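>>> quick one, structure for this:
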Amino acid sequence: MGWAVSDSAARIIIADDHPLFRGALRQALAGVVAGATIVEAGSFDEMCAALGAVSADLVLLDLAIPGVQGFSGLMYLRAQHPDIPVVIVSANDDPSVIRRCIDFGAAGFIPKALDAEEMRTAIRTVLAGDHWTPADIDLSAPVDRETSELVKRLASLTPQQVRVLMMLSEGLLNKQIAYELSVSEATVKAHVSAILQKLGVESRTQAVIAAARIVAAGQVPTPSAA
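Just a heads-up that it's a prediction; the model follows:
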């Protein structure tokens, strides 16, 4: 796939907000890439900072890391760093979620329920330049045309457009988005116009609804208090 790297030279970012699971991933990596440089990040912003400081060969990304909604973190990474393979790690192992991750450009998907040896196999496979998903996932199964088209349209957004769309989804106004991104309101308006055109919708509300359909599919169900 064009991203195979030498184990001993690998630079890997683990982006997950749970220290215990980051430790488990570190342990799994130790059995595969003993000489690798491993950087940990506990949020989306920390991950972005790490990517700016390290020339990464692989990112292990928690689908629900703080600072993202649904697949927005993956979408941002694939747009901003298209040459870096991204493996999603998630407690949500629903087949439709795994399929969406691959559709959005993930190189692999590791359910958090996997044991360490299976995680090593997954990481080794991706570092060799191939994709990896659980064996029982059929990626060849057809998906509905409307959703597939929406995925393609969302995947065409630039990194900044992804961030603007997610902020729109949070209900932020143009001036608030401009402040958060340190850009002018005119720049935000230009991004919004481009988003509407790429998604084939006519209003901010329609864009948010379109994004929400994909976001909802990527969310990890919250355990009940019972």
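>>> what lines up beside the helix or strand hosting residue 61 in the sheet?
Residue 61 belongs to strand 58-62 when elements are defined using DSSP states H and E. Sheet pairing here is set by DSSP bridges, and for strand 58-62 it gives strand 11-15 (parallel), strand 86-90 (parallel).
>>> pLDDT averaged over that strand - what is it?
Average pLDDT, strand 58-62: 94.
>>> over to stretch 26-35?
On average, stretch 26-35 scores 82.
>>> can you pull the buried residues of it?
28-29, 32-33 (16 or more other CB atoms under 10 Å). All C-beta atoms are positioned from the backbone trio N, CA, C, and that covers glycine.
>>> chain center to it, what's the gap?
For stretch 26-35, the separation from the chain centroid amounts to 22 Å (computed by CA atoms, centre = their mean, to the nearest Å).
>>> my guess is residue 202 contacts residue 196, does it?
Yes: between residue 202 and residue 196 there is a contact under CB atoms under 8 Å: 6.6 Å.
>>> of the two, who's got more company?
residue 196 (16 against 10; other CB atoms under 10 Å).
>>> need the contact list for that one.
Applying CB atoms under 8 Å, 6 or more residues apart in numbering to residue 196 gives the contacts 202-204, 206-207.
>>> which one (most neighbours) among the residues you listed?
Counting by other CB under 10 Å, top hit in the contacts of residue 196: residue 207 with 21 neighbours.
>>> contacts only, for the residue sitting nearest the centre point of the chain.
Nearest to the mean C-alpha position of the chain, by CA atoms, centre = their mean, lies residue 74 at 1.8 Å. Counting by CB under 8 Å, 6+ apart, residue 74 makes contact with 61, 63, 86, 88, 101, 104-106.
>>> just put those residues in CSV and tack on neighbour count and distance to residue 37.
Output for the contacts of residue 74, formatted as CSV (neighbours: other CB atoms under 10 Å; distance: CB to CB, whole Å):
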residue, neighbour count, distance to residue 37
61, 25, 17
63, 25, 24
86, 24, 17
88, 27, 21
101, 24, 25
104, 24, 26
105, 16, 24
106, 25, 22
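>>> residue 41: which of these is nearest?
residue 61 (9.2 Å; CB to CB).
>>> what two of the buried residues of stretch 26-35 are the furthest from one another?
Among the buried residues of stretch 26-35, 28 and 33 lie farthest apart (CB to CB), at 9.7 Å.
>>> common neighbours of those two, please.
residue 123.
>>> before we move on, back to that, which two among the contacts of residue 74 are spaced furthest apart?
The most widely separated members of those, counting by CB to CB, are 63 and 105 (13.4 Å).
>>> what does the domain assignment say about the chain?
Domain ranges of the chain: 7-127, 145-218, per automatic domain parsing.
>>> just for the protein, where's the confidence low?
The chain contains residues with pLDDT under 70 at 1-8, 141-144, 214-226.
>>> now the strands paired with strand 58-62 as JSON lines including distance to residue 70?
Output for the strands paired with strand 58-62, formatted as JSON lines (distance: least, CB to CB, whole Å):
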{"stretch": "strand 11-15", "distance to residue 70": "15"}
{"stretch": "strand 86-90", "distance to residue 70": "11"}
